[in-house]
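*Asks:* Please find the sequence and the predicted model below.
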There are 4 protein chains.
Amino acid sequence: MKIDINCDMGESYGIWKMGRDEEVMPHITSANIACGFHAGDPHVMRKTVCMARDHGVAVGAHTGYPDRLGFGRRFIETSRQELKDYLTYQIGALEAFLKQEGMGLQHVKPHGALYTVAVNDADLSQGIVESIQEYNPDLLLYAMPGSLTYQAAEKGGLRVVAEGFVDLEYLPNGSLALERAKKAWEPEEVAQRFLRLVKDGKMSTTTGETINIAVDSVCVHGDSPNAPEILAAVNDAMKREGIERVAITTLV
Amino acid sequence: MKIDINCDMGESYGIWKMGRDEEVMPHITSANIACGFHAGDPHVMRKTVCMARDHGVAVGAHTGYPDRLGFGRRFIETSRQELKDYLTYQIGALEAFLKQEGMGLQHVKPHGALYTVAVNDADLSQGIVESIQEYNPDLLLYAMPGSLTYQAAEKGGLRVVAEGFVDLEYLPNGSLALERAKKAWEPEEVAQRFLRLVKDGKMSTTTGETINIAVDSVCVHGDSPNAPEILAAVNDAMKREGIERVAITTLV
Amino acid sequence: MKIDINCDMGESYGIWKMGRDEEVMPHITSANIACGFHAGDPHVMRKTVCMARDHGVAVGAHTGYPDRLGFGRRFIETSRQELKDYLTYQIGALEAFLKQEGMGLQHVKPHGALYTVAVNDADLSQGIVESIQEYNPDLLLYAMPGSLTYQAAEKGGLRVVAEGFVDLEYLPNGSLALERAKKAWEPEEVAQRFLRLVKDGKMSTTTGETINIAVDSVCVHGDSPNAPEILAAVNDAMKREGIERVAITTLV
Amino acid sequence: MKIDINCDMGESYGIWKMGRDEEVMPHITSANIACGFHAGDPHVMRKTVCMARDHGVAVGAHTGYPDRLGFGRRFIETSRQELKDYLTYQIGALEAFLKQEGMGLQHVKPHGALYTVAVNDADLSQGIVESIQEYNPDLLLYAMPGSLTYQAAEKGGLRVVAEGFVDLEYLPNGSLALERAKKAWEPEEVAQRFLRLVKDGKMSTTTGETINIAVDSVCVHGDSPNAPEILAAVNDAMKREGIERVAITTLV
């Protein structure tokens, strides 16, 4: 049994720290690095790219709305072309650091409200897919299985990574309950949700129902106050159950 | 007699317009496109890149300080590494649009206070040169002949474009008198300065002295209120004198 | 017959100019000055406040979303408390300039998407009303007659100014069709819409229907490319028909 | 023996936390609240104002350069008028929250590079003083004794608070060594520096020399990683030595 672990990284800004990236990096295989719109800045991006490289972690562009004050977690109306221009800008900015540090870009993952709204929005999803197609169709796209984003990506011929979330609540319809600022979760509870998701493809919703989700990758949030503790618990559970952490490119 | 004409383009922001780019593009060979720090935004960058492509104009990254309110025309203290990170970010963001529109990046030109301060600052100049070396050493760098930036670029093995300014005042020491907002110049006066610069390698300073400057390219400012009229006058002068407008890559 | 003419002013930013405020000021009685969130900056606010004072024009806070890139013309999700904090900040910032220049604040007018979304949003409207109540209940609030904002203000005991728009399209349901960037209108057409609105309380919608609107003030947009020409035409029409331009405080 | 303790508060931004304001408030008499330029945002300002009110702490405007990325700790060239406009804007924005929460503004304290550069810059100092005079000449200004800012304020008839720093290095010339991000200090060392400063008016410099400084207030930085521990140590020292913490208005 094999799984990719992805985590949002590089969400500090200026002298404001967010997340404990140094402690998280050893436990993940894919880092979604913020590109300066909802979080991150050029200096933070450089440091985070170097940190990922040093830990052998593959890098993706965590693209968000231009809304630092709201951390990209509130919806902003855009035209499809505007959205595409925002994505192109952010992807290019990140890839420049990767190029200078001898790495390549592995994937794109929309952040926050862009991610959760696109789940049910065909137009936003199409904008996301087109941005990648027009920039580099070999890039992977992380998306929720069953989402319109996932469908648009498959239809557009992109390689899509089906991902699940173990430290966010699922609503009964399968969508996510986005929080502006992440609360801490009990590490052992997250580990249990992780095992159930990876082994059985099952997830509990806020109303106690069970939904089925088949995933290639599991996301753990880097801005959780206790992300390293959560990852340690997940890690222990993986070892116990013989689940291997692998590069996503070996899975999709 | 051959010369490259470069002009700052894409300096609009959101719904605020700056410059008459459509009218300027037919008259230039190199466009320095703002990258979203001192001016420009993703949507403006896309449109300006497409406009340059449609006019066969080569594109450079016009990189500036992260200071939209001051239009990048006031000095901001940075470490060398910070500066390099700012440049990398902006160059990458612009190149992403070029890539999507089937173009490549030709050059880098620091903007405003970054440009004028680096003239006499070895550390800033070195940061600019290293950014380019580490990103793509084949990129051209536009710089003032005689400046520390020019010297650092030559020493670092970059191809440097010696450029002169015909719509900015030179101080007696050869440096530029930067204005926050560009004033209009008399087109015919600029045309005369242009001819004297290109044919004789001479330029008058604010105190009436004459300095010698040998240039490969002449910069005309796109945010002048009458940039198209200035370029028309320069154009007429070029035709009269048999000076040809050519791609900078044929000259350096 | 008496009417207040209000206009959005101070929408420049840094060296980017927006609107022809000097030409507009002589024709209006109330200036809605941008407060640095969707447009304007401290320097522009100072200059615009002084300009209003010199023309005897009363000043209101034109409060918007923190979205310069979108000019405050796209909706951003906020909690009611967040919205109130945004308004308090902007109102206070503007009143500081007024205080230094010997003036007082007359009114508040929400800008762009905040204005148009609040029309049908009780919660946003309540947030707007509470901000004013808690800051200074003597301030006037400009709102669309019939809107939830208008109703909340009346219920909250505020003095409300019923305003109409002559250079924006009304949809059949009485709401406004917001444009990201204002297009020019034919001055004479606007003057006719103005007369019909002020004299008969009637306005045409995009589908050709007529709706009834009783207004105390008419808004003309300052970011129209031809705002001064529009105001001149409105002015001529007012003189022909004997309609007097008066301070809104004499009307509500 | 009596002293005012002032501390920078409200330096969080969006979901990024800075400082442990809740733990610091019980130990201080004056809070310098960030006004949204170098740190803080409307929501943070509201919460910090309420927190100060609940602890009986007086509030001042901590005004900085418009440079969130550099936390206001790097110099930005401005004209005197620009600087005045920045200060007016920030002071007014903060006072609006104070007004809504039933408080008044006690003082102004320039932040970061604005503070340290003005120490030796007559023009900046004059701009700071004029802003206050024109807004409300009853406001206190916090400044370094001996600085040009202090002198300009005295000459301008303002009440000036002479303040000293116990968690920043003094250079031999009496100026401060500004750090971009505050490092932790040994609490007991700070307490000793505090006692020496308050009781004897003496401070050690980076080269080991002793300089004389008479202060009315002592600043402890709120963005130190261990500000509460530092304040606890200072507090203990004060009790041991019978030094009383009092409102600054009783001292100047």
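*Replies:* Arrived safely, thanks for sending. Keep in mind that what you see is a predicted model, and the values were worked out from it rather than measured.
*Asks:* buried ones in the strand or helix carrying A:V234?
*Replies:* Counting by DSSP states H and E, the element that carries A:V234 is helix A:227-241. If you call a residue buried by 16 or more other Cβ atoms under 10 Å in any protein chain shown, then helix A:227-241 has these buried ones: A:227-235, A:237-238. For every residue, glycine as well, the C-beta is placed using N, CA and C.
*Asks:* List just the nearest of the residues you listed to chain B.
*Replies:* Set against chain B, the nearest of the buried residues of helix A:227-241 by Cβ to the nearest Cβ is A:A227 (24.8 Å).
*Asks:* quick check, A:D8 in a strand?
*Replies:* Yes - with DSSP: H, G, I helix; E, B strand; the rest coil as the criterion, A:D8 is part of a strand.
*Asks:* about what we covered before: following the helix holding A:V234, which helix or strand comes up?
*Replies:* Heading C-terminal from helix A:227-241, the first helix or strand you meet, by DSSP H and E, is strand A:244-245.
*Asks:* So what are the sheet partners of that following strand and their directions?
*Replies:* Next to strand A:244-245 in the sheet, as set by DSSP bridges, lie strand A:2-9 (parallel).
*Asks:* As CSV, could you dump the C-alpha coordinates of the strand it pairs with?
*Replies:* Extracted C-alpha coordinates of strand A:2-9, given in CSV (Å, rounded to 0.1, in the frame of the first residue of the first chain):
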residue,chain,number,x,y,z
LYS,A,2,1.5,3.3,-1.2
ILE,A,3,0.5,6.9,-0.7
ASP,A,4,1.8,10.4,-1.4
ILE,A,5,1.6,12.9,1.5
ASN,A,6,1.2,16.5,0.5
CYS,A,7,1.4,19.5,2.7
ASP,A,8,1.0,23.3,2.3
MET,A,9,4.4,24.9,2.9
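*Asks:* And it, how far out from the chain middle?
*Replies:* Distance of strand A:2-9 from its chain centroid, counting by Cα atoms, centre = their mean, to the nearest Å, is 8 Å.
*Asks:* which element follows that strand toward the C-terminus?
*Replies:* Toward the C-terminus, strand A:2-9 is succeeded by helix A:21-24 as the next helix or strand (DSSP H and E).
*Asks:* So which bits of that next one are buried?
*Replies:* By 16+ other Cβ under 10 Å, the buried positions in helix A:21-24 come out as A:21, A:24.
*Asks:* Any part of the helix holding A:V234 near chain D?
*Replies:* No - figure legend: helix A:227-241 not in contact with chain D (Cβ under 8 Å from any Cβ of the partner chain); closest approach 14.5 Å.
*Asks:* residues in contact with that helix?
*Replies:* Residues outside helix A:227-241 that contact it (Cβ atoms under 8 Å, 6 or more residues apart in numbering or on different chains): A:1, A:3, A:5, A:7, A:19-20, A:23-24, A:27-28, A:166-167, A:185, A:187-188, A:190-192, A:194-195, A:199, A:218, A:220-221, A:224, A:243-245.
*Asks:* filter these to the buried ones?
*Replies:* The neighbour-count test (16+ other Cβ under 10 Å) applied to the contacts of helix A:227-241 identifies A:3, A:5, A:7, A:19-20, A:24, A:27-28, A:166-167, A:185, A:187, A:190-192, A:194-195, A:218, A:220-221, A:224, A:243, A:245 as buried.
*Asks:* just the helices in chain A please.
*Replies:* A:21-24, A:42-54, A:80-100, A:112-118, A:122-135, A:148-155, A:187-195, A:227-241 (DSSP state H).
*Asks:* A:L98 reaches A:H107, doesn't it?
*Replies:* No - between A:L98 and A:H107 there is no contact under Cβ atoms under 8 Å: 11.8 Å.
*Asks:* quick one: which of the two has more around it?
*Replies:* Taking neighbours as other Cβ atoms under 10 Å in any protein chain shown, A:L98 and A:H107 compare with A:H107 leading, 27 against 20.
*Asks:* Run through the bridge partners of the more buried one.
*Replies:* A:G60, A:L140.
*Asks:* Do you know the pLDDT at it?
*Replies:* Looking at A:H107, its pLDDT stands at 98.
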